[in-house]
Structure formats: C-alpha cells, structure tokens
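[1] Sequence first, predicted model second:
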Amino acid sequence: LAERVVIVGASHAGGTAAAELRAAGFAGAITLVGAEPDLPYHRPPLSKAYLTGEKGADSLMLRAPRFYAEQGIATLLGDPVTRLSRDMRRVVLGSGVTLDYDRLILATGAAVRRLTCPGAGLSGVHYLRSRADADAIRHAARAARRVVVIGGGFIGLEIAASLRKGGASVTVIEAAPRLMARVLSPELSAFFAKLHQGHGVDLRLGSGVTALLGATRAELVQLVEGEPIAADLVVVGIGIVPDTALAESSGLAVDNGILVDAGLVASDPAIFAIGDAARFPHPMAQGPIRLESVQNAHDQARCVAHAIIGKPEAYAAVPWFWSDQYEVKLQMAGLSAGADETHVIGDIAAQRFSVLHLKGGQLVGVDSVNRPADHMRARKALAGPPVAAADLPTLFAERPAREGAGLRA
Ligand SMILES: Cc1cc2nc3c(=O)[nH]c(=O)nc-3n(C[C@H](O)[C@H](O)[C@H](O)COP(=O)(O)OP(=O)(O)OC[C@H]3O[C@@H](n4cnc5c(N)ncnc54)[C@H](O)[C@@H]3O)c2cc1C
C-alpha cells in the first residue's frame, strides 16, 4: 500500500483529497502543494457574497488553518510543481524542493480562458478565478459606474448580479443567442434573460466582441455591430481551460483534461486526476466528460482517497451544481445534455419552478429555480433505478406541509 501521497493543487479537489485520506484512515505522509499562497478556499462566493462584500475572507476557508497541522497534512503553498518525473515518482517545485511519492493526485483545476481580440491586453480588463482576482474586481468596482461583462455564462451572470447590487450600471455581452446556452434549456435561458433585464441589466445577446479600445485602459467595447459601449470596468467570463500543463509535459494522456479511467486513474497507474482538470467516463454520459463543479471536485477526491487505501470504486456520483443570481437560486442535478423531452412544473412567473429533462423516456436531469425540495428529490431519484415519465407526477408532486409544521414559535 502507498505510504507517501503527494497532491498537486490545493483547492476544492486537492484539499478535500487530503482530508478524505485521513478520514478514511490513511496513516502515511500527505503533502498538499499549491501554486496559490492560500490554504484551500471556496471559490463559489467569489462571484457572489464575497464580491458584494456580504462575506469576508475568513468565511472562504474550506477548513480552519489548524486542521492541516492537526491531521498531519504538510502544506507547501505559493510554490507550484514545475516538473513531474514519472519514472522516478518525483515532483519538483518551483523553489527546487523535491518530493517523492507512491501515489500522486493531480488536482490542478483550470485557468480562465482569455480574450484574444485587439485591446485584450489593456488595463481595466478583469477575469475571475482566484481570491486575488475577486479582490481586484471589488477594488475596481468601487470607482466604476459603467461595467461591461463579457460572457453570459454562470460566472458572468453572477458577477453582473453582484455588481448590480452594488449600484453599477451593467451591460452583459453574450455571443450566443441565449444565456448559459451550453448547459441550460431554452426555458431557463429565457427566464434568466428576463430576470437580469428586470434588474436593469442591458443584455446584448448574439453579440460578439471584436475589440477593446482605449489608450492604456479599456474604455470602449466594440461589438460586431452597433456603437461601442463605454466601460469603466470590463470583466470577462468566457469559460475555463483545464490546467493540464504538468500532466502533458510528463507524457500523461491529455485531451481537454487529464484522461482517467472509471476509477480516476490516469495513464500511469500511480497517478490520479480529479476535479476541474480531469476528464473521465461517467455512467450518465456518452463519452468522457469534464465537470466544473464543487460536487465533482469533492466526490472525486473521496473516490480517490478510497482507492488509495485499497477500496477502489468506479466514480458514479450524481452531478449537481448551483448558481445564485439576485433572489434566485438555481440548482441542477444530473446531466441534461442531449435530453429530448422537457416538462416544467411549478410556476415560472412566481420564480418557483423546475424543468425536468428526459432522454429516451427516462429522467436525466432536473433544473430547479427556488425549489430546493425538487432538487433533493432529483438527486435521490437519479442515484437510483431509472425513472420513467410515468413516475414523475408521484416523484415531484407537491407535498402538503406537515401538520403543525411552521406553527410553533
Ligand atoms: C467565481 C467562481 C464561482 C463558482 N461558483 C460555483 C458554484 O456556484 N457552484 C459550483 O459547483 N461550482 C462553482 N465554481 C466552480 C468550482 O469552484 C470549481 O469546480 C472548483 O474550484 C474545482 O476545484 P479544483 O480543485 O478541481 O480546481 P481549482 O479550484 O481550479 O484548483 C486548482 C488549484 O491547483 C493549483 N495548481 C495548478 N497547477 C499547479 C501546479 N503545477 N502546482 C501546484 N498547484 C497548482 C491552482 O493554483 C489552483 O489553486 C465556481 C468557480 C469560480 C471561479
């Protein structure tokens, strides 16, 4: 059995892998190496309550700093792994420190995709992945009246909602004809478009950005058509790219993510890859997929910890995700890509509804807006035997409130 585990990447996936190894009884050495200077922290609030200032830095930490020492988890932060010698089972850090491993976990995550149009390098153009990025946006937003958000995906829209709360005027530019088109059904895209417009966001759908203009700072955003849009602050959220550099340089199989098998083992049996960086087979998907979610990072970390203590299992956790925008909590369960039938339950106008997605007559995903009970039912149902269309009315029926519930003071 392995005695030395080295984890590359100290975030949701890496930090959880270290904790889960100890929780599973692993008694060997664990070293968590991170390129960022911080101990593992929650990224989701960076575009939500941390960006609005409702949450402070302390609340971001995944675990209290003392946890790592108490659990005998060595942390080497602000010092990226720059080389991986698979034949020697050794990694080399930027500082020159070398670490030998029996098992290596690559949890290198992802980096933001950058704009490539003319003017992309001007100052005043921000991206959001790390706490430092969020701090820079918060700082810039204090003096910005007009914000242009490029990208109408989850991150861009959460940033738009957070900065609208702060009072800035916000324009969102999305190249596709609808919002979050990669993951949401047309009903939900339309709902979110209306939500943002209702909050005063100027939404430009089907609009590509061709250039950012300004002497040193981006002052105007030029679109394919029409007048350029004036901006005091530009924030770009156009997706992420898995960080596979280390894996690739060591000759591991990589293709839009570090390729792993059903047990999350890479093309070297001593190496696992997890989280945003990994591309893996999943029983609910046709081919290998990559998921960008906290759920996936956590559940894959647990799966690999079990494998390392000698209890390998095929990774099959039901994917789930959430997004907070204004007063709306969207929760998604399953994988609805390729669905051929949808049913809407609840009340769209009242902002309380769920979209049920079926494929070949079977439930594959449920997207819920302010209906947390539907979300929990969906996660449970998707983890069990197949659910047919005929089962849906019983499964998602409104339950009467429990007698007496809510009456007690
Ligand atoms: C603003 C924002 C909001 C989000 N909101 C949600 C949400 O609402 N719900 C949800 O489910 N998900 C959300 N996500 C996604 C979620 O945060 C990610 O899926 C999750 O962080 C993935 O964890 P990870 O550990 O795989 O990767 P990451 O969090 O990207 O961490 C990878 C770490 O590895 C480090 N690293 C890379 N290369 C090296 C190296 N060579 N040596 C050492 N360290 C290295 C990186 O610096 C980084 O710290 C959000 C993400 C962002 C940025």
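    Done, it's in.
[2] ranges for the strands of the stretch 201-350 of the chain?
    With DSSP state E, counting those that start in this stretch applied, the stretch 201-350 of the chain shows strands at 202-205, 209-213, 220-223, 229-230, 233-236, 240-242, 258-259, 271-273, 278-279, 320-325, 328-334, 341-347, listed in chain order.
[3] How about residues contacting the first one?
    Contacts of strand 202-205 with the rest of the structure, by C-beta atoms under 8 Å, 6 or more residues apart in numbering, involve 152, 169-174, 176-179, 193, 196-197, 223, 229. For glycine as for every other residue, the C-beta is placed from the backbone atoms N, C-alpha and C.
[4] For the spatially closest residue to Gly275 that is not a sequence neighbour, pull up the helix or strand it's in.
    Closest residue in space to Gly275, ignoring its immediate chain neighbours: Ala13 at 3.0 Å, by C-beta to C-beta, 6 or more residues apart in numbering. Taking DSSP states H and E as the criterion, the element that holds Ala13 is helix 12-23.
[5] roughly how far out does that helix sit from the chain middle?
    For helix 12-23, the distance between its averaged C-alpha position and the chain's averaged C-alpha position is 18 Å (C-alpha atoms, centre = their mean, to the nearest Å).
[6] how about that helix, does it reach the ligand?
    Yes: judged by C-beta under 6 Å from any ligand atom, helix 12-23 comes into contact with the ligand through His12, Ala13, Gly14.
[7] So what would you say the end-to-end distance of stretch 145-164 is?
    10 Å (C-alpha to C-alpha, to the nearest Å).
[8] follow-up on the earlier one: specify the stretch among the strands of the stretch 201-350 of the chain that is closest to the ligand.
    Using C-beta to the nearest ligand atom as the criterion, the shortest distance between the ligand and the strands of the stretch 201-350 of the chain is 4.6 Å, found for strand 320-325.
[9] ok, that closest one near the ligand or not?
    Yes: under the criterion of C-beta under 6 Å from any ligand atom, the ligand is reached by strand 320-325 at Phe321, Trp322, Ser323.
[10] Let me know whether the second one touches Ala333 as I believe.
    Read that as Trp322. No: at 9.9 Å, Trp322 does not count as touching Ala333 under the criterion of C-beta atoms under 8 Å.
[11] Pick out whichever of these two has more residues nearby.
    The neighbour count for Trp322 versus Ala333, taken as other C-beta atoms under 10 Å, is higher for Ala333 (29 against 18).
[12] Give the bridge partners for that one, please.
    With DSSP bridges as the criterion, the beta-bridge partners of Ala333 are Trp320, Val366.
[13] ok so, going back, give me the number of residues near the residue nearest to Gly275?
    Taking other C-beta under 10 Å as the definition, Ala13 ends up with a neighbour count of 29.
[14] Likewise for Ala120?
    For Ala120, the count of nearby residues is 15 (other C-beta under 10 Å).
[15] List the buried residues for stretch 166-178?
    Of the residues in stretch 166-178, those buried under the neighbour-count criterion (16 or more other C-beta atoms under 10 Å) are Ala168, Ser169, Val170, Thr171, Val172, Ile173, Glu174, Ala175, Ala176, Arg178.
[16] now these in JSON lines, with distance to the ligand and pLDDT?
    Listed next are these as JSON lines, based on distance: C-beta to the nearest ligand atom, whole Å; pLDDT from 0 to 100:
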{"residue": "Ala168", "distance to the ligand": "18", "pLDDT": "96"}
{"residue": "Ser169", "distance to the ligand": "22", "pLDDT": "98"}
{"residue": "Val170", "distance to the ligand": "16", "pLDDT": "98"}
{"residue": "Thr171", "distance to the ligand": "20", "pLDDT": "98"}
{"residue": "Val172", "distance to the ligand": "16", "pLDDT": "98"}
{"residue": "Ile173", "distance to the ligand": "18", "pLDDT": "98"}
{"residue": "Glu174", "distance to the ligand": "17", "pLDDT": "97"}
{"residue": "Ala175", "distance to the ligand": "20", "pLDDT": "96"}
{"residue": "Ala176", "distance to the ligand": "20", "pLDDT": "96"}
{"residue": "Arg178", "distance to the ligand": "20", "pLDDT": "97"}
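[17] which one among the residues you listed gets closest to Gln362?
    The shortest distance between Gln362 and any of these, using C-beta to C-beta, involves Arg178 and amounts to 25.8 Å.
[18] where's the closest one relative to Thr116, distance?
    Here Arg178 is placed at a distance of 23 Å from Thr116 (C-beta to C-beta, to the nearest Å).
[19] quick one: Gly153 from the ligand, how far?
    With distances defined as C-beta to the nearest ligand atom, to the nearest Å, the gap from Gly153 to the ligand amounts to 11 Å.
[20] Return the residues in contact with that residue.
    If you count contacts by C-beta under 8 Å, 6+ apart, Gly153 has them with Leu179, Met180, Arg182, Gly237, Ile238, Gly239.
[21] least trustworthy position among these, going by pLDDT?
    In this model, the minimum pLDDT among these belongs to Arg182 (85).
[22] Name the SS class of it, please.
    Remark: Arg182 carries the secondary structure label coil [criterion: DSSP: H, G, I helix; E, B strand; the rest coil].
[23] What number of residues are in the vicinity of it?
    One way to gauge burial is a neighbour count; for Arg182, by other C-beta under 10 Å, it gives 9.
[24] residue contacts, it?
    Residues near Arg182 by C-beta under 8 Å, 6+ apart: Gly153.
[25] and if we set it to 10 Å?
    Contacts of Arg182 were listed using C-beta atoms under 10 Å, 6 or more residues apart in numbering, and they are Gly153, Phe154, Ala176, Gly239, Ala337.
[26] Spell out the secondary structure type for the third one.
    Following three-state DSSP, the label given to Ala176 is coil.
[27] circling back: spell out which residues are contacts of both of Trp322 and Ala333.
    When contacts are counted by C-beta under 10 Å, 6+ apart, Trp322 and Ala333 are jointly contacted by Gln295, Ser368, His375.
[28] Contacting the ligand as well, which ones from the residues you listed?
    The overlap between the shared contacts of Trp322 and Ala333 and the neighbours of the ligand (C-beta under 6 Å from any ligand atom) comes to Gln295.
[29] I'm done for today, thanks for sticking with me.
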